[in-house]
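**Student:** have a look at this prediction, sequence included:
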Amino acid sequence: MNIVPLVYVKDGKLLDGKDGNQVSTDDLFKRVEKDTMLYVLDLDGIEHGNPALDLYQKLTEHCILWIDDGPRRIDDIMDTIMAGATNITLREDLWPEMDILGVFELTDDEVYFGIISGHTEQHWALSVPQQDIGVVVFSQTSQINSDFIFVSFLKNLAIKHKIYLHNVAQNTIPLWEEYGITGILIDLNK
């Protein structure tokens, strides 16, 4: 199972958790091994449409970047790729009429859809034929394994798609691995 460290960007600053402490790029580079995949959850991009493209360029000197910055059109995807993204997470709520074929024309790297646990109506995107699309599941609590319907949904999804979970209890990681989950996103402060 892949364990991917996650950092947040808020007000142009790196944070080691959603409500965590600010972390400098030098400190981040000390805490994360060189050439490690790093998930960047850019709240400035998601909430305000203002991604930290300059920051991505600094981070890409040390890390392989998986960017979740809330693209709303194909030009946003191009900007994110040019700034250093390898993998990209898309959000249906921010780009309702997504040009998924256009996205795949721009990148050969992995593309994921971000969903929130319990919002299974979002799985429309997973029926796109002939596209290798992964899923990142964000949970408000570390107890997503207590929702049996959602767990069943994830197990079935994991048969055909790469699935990454965020905010899961550490002691449930072996169970998720048994279910076929590809990896876990863990806040840097954990």
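**Tutor:** Everything's here; your move. Numbers count the residues shown, from 1 in each chain.
**Student:** ok, the closest residue to Lys10 other than its chain neighbours - contacts?
**Tutor:** Closest residue in space to Lys10, ignoring its immediate chain neighbours: Leu43 at 4.6 Å, by CB to CB, 6 or more residues apart in numbering. For the C-beta atoms, the positions are set from N, CA and C on the backbone; glycine is no exception. Applying CB atoms under 8 Å, 6 or more residues apart in numbering to Leu43 gives the contacts 8-10.
**Student:** before we move on, what about Val103?
**Tutor:** 74, 77, 88, 90, 111.
**Student:** phi, psi of the first one?
**Tutor:** According to degrees, to the nearest 10, the main-chain angles of Ile74 amount to phi -60, psi -30.
**Student:** tell me how many other residues crowd it.
**Tutor:** Residues within reach of Ile74, counting by other CB atoms under 10 Å, total 15.
**Student:** and it, how close does it get to Leu101?
**Tutor:** Separation of Ile74 from Leu101 (CB to CB, to the nearest Å): 10 Å.
**Student:** point out the ones among the contacts of Val103 that are inside helices.
**Tutor:** Among the contacts of Val103, the members falling in helices (DSSP state H) are 74, 77.
**Student:** hey, where'd the helices end up in this structure?
**Tutor:** Going by DSSP H, the chain shows helices at 25-31, 43-48, 53-59, 74-82, 100-106, 148-157, 173-178.
**Student:** restrict the last one to CA atoms and write it as PDB.
**Tutor:** Once non-C-alpha atoms are left out, helix 173-178 reads as follows in PDB (Å, rounded to 0.1, in the frame of the first residue of the first chain):
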ATOM      1  CA  ILE A 173      -4.800   0.600   7.200                       C
ATOM      2  CA  PRO A 174      -4.300  -3.300   7.000                       C
ATOM      3  CA  LEU A 175      -8.000  -3.700   6.500                       C
ATOM      4  CA  TRP A 176      -8.100  -1.200   3.700                       C
ATOM      5  CA  GLU A 177      -5.200  -2.900   2.000                       C
ATOM      6  CA  GLU A 178      -7.100  -6.200   2.200                       C
END
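**Student:** check what contacts that helix and list those residues.
**Tutor:** Against helix 173-178 from outside (CB under 8 Å, 6+ apart): 1, 145, 165, 168, 184.
**Student:** parallel or antiparallel, which strands does the longest strand seen in the chain pair with?
**Tutor:** Counting by DSSP state E, the longest strand found in the chain is strand 2-10. Next to strand 2-10 in the sheet, as set by DSSP bridges, lie strand 13-15 (antiparallel), strand 37-42 (parallel), strand 183-187 (parallel).
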